[in-house]
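[1] Would you be able to build a 3D model of this:
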Amino acid sequence: MSEVIITCVVSRSFQDKFTKEHYKKGKTHVSSDVERIAFLREKGFLSGEVIQESHKEDDEPFKHVGGGYYELPNGEKVKGKENALERIKELEHEEDPDKQ
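    This next block holds a predicted model:
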């Protein structure tokens with residue numbers, strides 16, 4: 001499954017009502033929510049020009065389950081993405097000690 005990531009230029013400064021993040025005129029806004037980008041463009045907060053559109057593959061070996069927790073392939077739950085990545089490496093090393 002892939003996710004579209006869209007980058008646009010902010011044409012009018014605003015604070016996003018959902019994320020509470022501030023965006024200043026001339027900076028970029030990156031999002032995968034196509035409907036939200038369309039709304040912000042319609043209201044004049046984002047330019048009509050798309051700077052970059054990319055597709056992100058969902059290739060992470062773990063699943064975000066909310067609250068900052070990630071579920072590993074073995075069913076273990078770990079708090080924090082960095083901790084999940086580190087634990088995945090540990091599990092791979094346990095399976096194949098010769099792998100570095």
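
[2] Heading C-terminal from the lowest-mean-pLDDT helix or strand in the chain, find the next helix or strand.
    Lowest by mean pLDDT, DSSP states H and E among the helices and strands of the chain is strand 46-57, with a mean of 76. On the C-terminal side of strand 46-57, the closest following helix or strand by DSSP states H and E is strand 63-66.

[3] partners of that following strand, with directions?
    strand 69-71 (antiparallel) (DSSP bridges).

[4] Paired strands for the next helix or strand after the strand it pairs with, with orientation please.
    Using DSSP H and E, the helix or strand that follows strand 69-71 in sequence is strand 77-79. Neighbouring strands of strand 77-79 in its sheet, by DSSP bridges, are strand 69-71 (antiparallel).

[5] what about the strand it pairs with, average pLDDT?
    What strand 69-71 shows for mean pLDDT is 85.

[6] mind listing what's buried in it?
    Neighbour-count burial for strand 69-71 flags Y69, Y70 (criterion: 16 or more other CB atoms under 10 Å). Every residue, glycine included, has its C-beta placed from N, CA and C.

[7] residues in contact with that strand?
    When contacts are defined by CB atoms under 8 Å, 6 or more residues apart in numbering, strand 69-71 is touched by residues F62, K63, H64, V65, K77, V78, K79, G80, K81, N83, A84.

[8] neighbour-wise, which of those residues leads?
    Top of the contacts of strand 69-71 by neighbour number is A84, holding 22 neighbours under the definition other CB atoms under 10 Å.

[9] Is that one in a helix, a strand, or coil?
    Secondary structure, DSSP: H, G, I helix; E, B strand; the rest coil: A84 is helix.

[10] Grab the nearest non-local neighbour of it.
    Among residues not flanking A84 along the chain, Y70 sits closest, at 3.9 Å (CB to CB, 6 or more residues apart in numbering).
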